[in-house]
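coords please:
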Amino acid sequence: MRTWSMKSKKLSENILKSIRSEGFKYINLDTVIQTNHIVERSGESFRRFIFSFNDQKGNEICLRPDLTIASCLKYLHEKNKVAKKVFYSGQAFRKTQKLSDNIIRNQIGFEIIGSNKEKYDDKKIINTAVKSLSKLKFSSGVLTIGNIEIFKLLLTKLDIPKRWRLRLQRHFWREKYFNDLLKRLETNSDVDPTIVEIDKKKYEVMLKQKQSKIIAGRSLNEILKRFNDKINDPRRPRKGKNVVKIIKEFLKIDCPISEAFKKLNLFFKKYKINLRVEKNYFPISKNKFSRLNIKYSASFGRQLEYYTGLVFKIDIKINSNKINIINGGRYDNLISDLGSNKKIPAVGAAINLND
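Next up is the predicted model:
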């Protein structure tokens, strides 16, 4: 897959004009943000991708690696109390694993923050994304739709310990590590009877100690709770194998969007899972939209940890090059994770450009 080069300033302006015509208001974003906003949300593993440094007061700050986070921080700092439809353009800065990849990403983003009409707003974002591409000369394209919420609901119905549910949910976006977890769940390789007995003995000793004591950054009370969950929530190999089979089969569901609700409901019925997807669950039900073929993919949505529901991407073909031009989705927990004392739902998308 090659990176698209946006050579025409006029074309970029036309895209911005198209987004503005949908009722979005342009905003300017801060170029640098506090590093802790990124690390606390995405974990220390994300640190290797950011360009960080210390300011005159010794605070660690970084170049924004993501425009969505910068936009949500702006909304939070301005103490907004109403829904806002905003758009912006600029550069995001992220280290890459390949020397040939660009560290500067030119993007146009648009979002609805404070989105309280989920289905309506999800569809609005997708429609705006498709409309923004109307001036582009591409031969064909694919709009892929997924939904993280369905996977999370599936996990709640499976016969596995609570700690495993949380583990699989938390690491869904890390595909390689997630697959390693499935292997461990399938083979029961993480459960060693000898270790379990040692854990029980440690648990008995810790019960007699001061509960507020801090060990490796966690209180003794937190550690004991985890021990207790492991001791009282055993897992049998046969159940783990069956659960992994169900998860793998679910993640293979890939079909035209019009067939998605039927395929999912047949899957739930096959495994006697008490879930059902309504016909109008997805924001689009037709298999063709503009020049795009529309499909559903149960495994899609792993590129960013903060997505919570709808996820989508648009890949287009220009000449013989396949280009991932737009990525988007719903992130209802991001602003509260960044410091809001209440939940502020949001949905948005970013158009990837390279000047």
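
now the helices for the stretch 151-300 of the chain?
Counting by DSSP state H, counting those that start in this stretch, the stretch 151-300 of the chain has helices at residues 162-170, 175-187, 193-207, 220-232, 237-251, 260-270.

Got the confidence number for the closest residue to K152 other than its chain neighbours?
Spatial nearest neighbour of K152, chain neighbours left out: Q169 (5.7 Å); criterion: Cβ to Cβ, 6 or more residues apart in numbering. Bear in mind the C-beta positions are built from the backbone N, C-alpha and C, glycine included. Q169 is assigned a predicted lDDT (pLDDT) of 89.

What does the nearest residue to D55 once chain neighbours are set aside show for phi and psi?
In this structure, D55 finds its nearest non-sequential neighbour in I61, 5.5 Å apart by Cβ to Cβ, 6+ apart. Phi and psi for I61, reported as degrees, to the nearest 10, are phi -130, psi 170.

what sits opposite I61 in the beta ladder?
Q34, F53 (DSSP bridges).

I figured it hits T35, correct?
Yes. Here I61 reaches T35: they are 6.0 Å apart, a contact under Cβ atoms under 8 Å.

okay, and the common contacts of those two?
Overlap between the contact sets of I61 and T35, as judged by Cβ atoms under 8 Å, 6 or more residues apart in numbering, is given by S52.

Tell me which of the two has more neighbours.
Neighbour count, other Cβ atoms under 10 Å: between I61 and T35, T35 has more, with 20 against 17.

what sits against the more buried one?
R47, I50, S52, E60, I61, C62.

Looking at those residues, spot the one nearest K317.
I50 (32.3 Å; Cβ to Cβ).

before we move on, the earlier item: could the contacts of T35 go into CSV alongside distance to S140?
Below are these laid out as CSV (distance: Cβ to Cβ, whole Å):
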residue, distance to S140
R47, 39
I50, 36
S52, 41
E60, 45
I61, 43
C62, 38
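
For the residue nearest the centre of the chain, give its distance to E249.
In the chain, the residue lying closest to the centroid (Cα atoms, centre = their mean) is Y307, at 3.1 Å. Distance, Y307 to E249, using Cβ to Cβ, to the nearest Å: 22 Å.

Please apply the same query to R165.
Using Cβ to Cβ, R165 is found at 18 Å from E249.

contacting residues for the residue nearest to the centre of the chain?
Taking Cβ under 8 Å, 6+ apart, one finds I148, W173, G301, G329, R330, Y331 in contact with Y307.

quick one: which of those residues is nearest V39?
Distances from V39 to the contacts of Y307, taken by Cβ to Cβ, are shortest for W173, at 16.0 Å.

Would you map out the domains in this structure?
1-139+331-355, 167-245 (automatic domain parsing).

neighbours around F267, how many?
Based on other Cβ under 10 Å, the number of other residues close to F267 is 19.

Does it touch K248 like I think?
No. Look at F267 against K248 with Cβ under 8 Å: they stay out of range, at 11.8 Å.

Can you list the low-confidence ranges for the protein?
1-8, 40-46, 188-200, 203, 215-218, 226-238, 303, 355 (pLDDT under 70).

quick revisit: and the two most separated of the contacts of T35?
The widest separation within those (Cβ to Cβ) is 13.1 Å, between R47 and I61.

Brilliant, that's me finished.
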